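# have a look at this fold, sequence not included:
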């Protein structure tokens, strides 16, 4: 087993519900220093896991396990941490409670502060939903986080992003085997439809126009779509996907008792040194959203990156130029 488990017990959620016998699956790399502050937190993205995060750090890189204590934490609903697929009745499958990013970060804080003994986080960074968690960390625990670098993410899910997610959700739930989440066998047709819709948004129009999919091993568009179908239908539980999708749709760092829905107040409360790095052709998290956010975060550095790979520019191995720029930005934040 290449990970650790943190038992949280019963957790009171922001919704008023309770998550029974909750747990987080995480993995650490490197060692915590005497000051207990050489910590880099890397939450997971929508279809990510702690293993997928390993593409963002390594020996000799900006985030080096020889220097930093890296804590990679799995999002609730991803099939490793508490999820519809691994919870017992009465919270199994579609009966799993709604989970907010607030809930995720409150539990991650317990892991870091109470279990691992961390005194200060040097950096929270991540791609997509992991980046959304970086914003959440900085707003929810502003005195605990020294720096954040969300890339291809946002502090609040936009209306357009919400509508995109409604589309993939509708494709999945149209499967006749869906049965409102009480399926006796996986809704494979729905999962494949979900993947085909998703693929159209993950990359930019230029990516498809210029056949850049050939650079990552696909001979044709159909090959790419079939591969995405296979990945989603074989590797993902439908209820897990919809659990995380709901967390994504409701992502908003101002939700909760601190800011009561005032997004400008939440952004202004961020004390962490901040670099925002959107991709200019990201169809989920366009740079315009980050530019607005940067105007409310004190001293935030807004650094849009031009890449035809769209949202997937950040996926390790896709765009070396994006990776190089990300490394530079991380170095800046960690060296201060």
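Sure, I can see it. What you see is a predicted model, and the numbers here were worked out from it, not measured in a lab.
# contacting residues around residue 118?
32, 36-37, 39, 69, 71, 112 (CB atoms under 8 Å, 6 or more residues apart in numbering). Using the backbone N, CA and C atoms, a C-beta is placed for each residue, glycine as well.
# out of those residues, list just those in strands.
Residues of the contacts of residue 118 located in strands (DSSP state E): 39, 69, 71.
# and the strands in the stretch 201-336 of the chain?
Taking DSSP state E, counting those that start in this stretch, the strands of the stretch 201-336 of the chain run over residues 273-276, 301-302.
# show me what the last one is packed up against.
Judged by 3 or more CB pairs under 8 Å, 6 or more residues apart in numbering; DSSP states H and E, the packing partners of strand 301-302 are strand 273-276, helix 287-294.
# can you pull out the strands in the stretch 51-200 of the chain?
So, for the stretch 51-200 of the chain - with DSSP E, counting those that start in this stretch - the strands run 69-73, 121-127, 147-151.
# highest average neighbour count across the strands of the stretch 201-336 of the chain?
strand 273-276 (a mean of 24; mean count of other CB atoms under 10 Å).
# which outside residues touch that one?
By CB under 8 Å, 6+ apart, strand 273-276 touches 138, 146-150, 290, 293-294, 297, 299-303, 329, 332-333, 336.
# measure stretch 248-267 end to end?
18 Å (CA to CA, to the nearest Å).
# pull out the buried positions in it.
248-256, 259, 263, 266-267 (16 or more other CB atoms under 10 Å).
# hmm, who's touching it?
14, 46, 98, 100-102, 129, 132, 135-136, 138-140, 154-157, 161-162, 165, 269, 293, 296-297.
# ok, now stretch 210-222?
Against stretch 210-222 from outside (CB under 8 Å, 6+ apart): 203, 206-208, 223-224, 227, 308-309, 317-318.
# and those, which are buried?
By 16+ other CB under 10 Å, those give 203, 207-208, 224, 227, 308-309, 318 as buried.
# and the furthest pair within these?
Spanning the widest gap among the buried ones among the contacts of stretch 210-222 are 227 and 308, at 19.5 Å by CB to CB.
# any chance of the contacts of stretch 210-222 in JSON lines, plus distance to residue 88 and pLDDT?
Converted to JSON lines, those look like this (distance: CB to CB, whole Å; pLDDT from 0 to 100):
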{"residue": "203", "distance to residue 88": "39", "pLDDT": "97"}
{"residue": "206", "distance to residue 88": "47", "pLDDT": "97"}
{"residue": "207", "distance to residue 88": "43", "pLDDT": "97"}
{"residue": "208", "distance to residue 88": "43", "pLDDT": "97"}
{"residue": "223", "distance to residue 88": "40", "pLDDT": "97"}
{"residue": "224", "distance to residue 88": "38", "pLDDT": "97"}
{"residue": "227", "distance to residue 88": "34", "pLDDT": "96"}
{"residue": "308", "distance to residue 88": "46", "pLDDT": "97"}
{"residue": "309", "distance to residue 88": "41", "pLDDT": "97"}
{"residue": "317", "distance to residue 88": "38", "pLDDT": "91"}
{"residue": "318", "distance to residue 88": "39", "pLDDT": "95"}
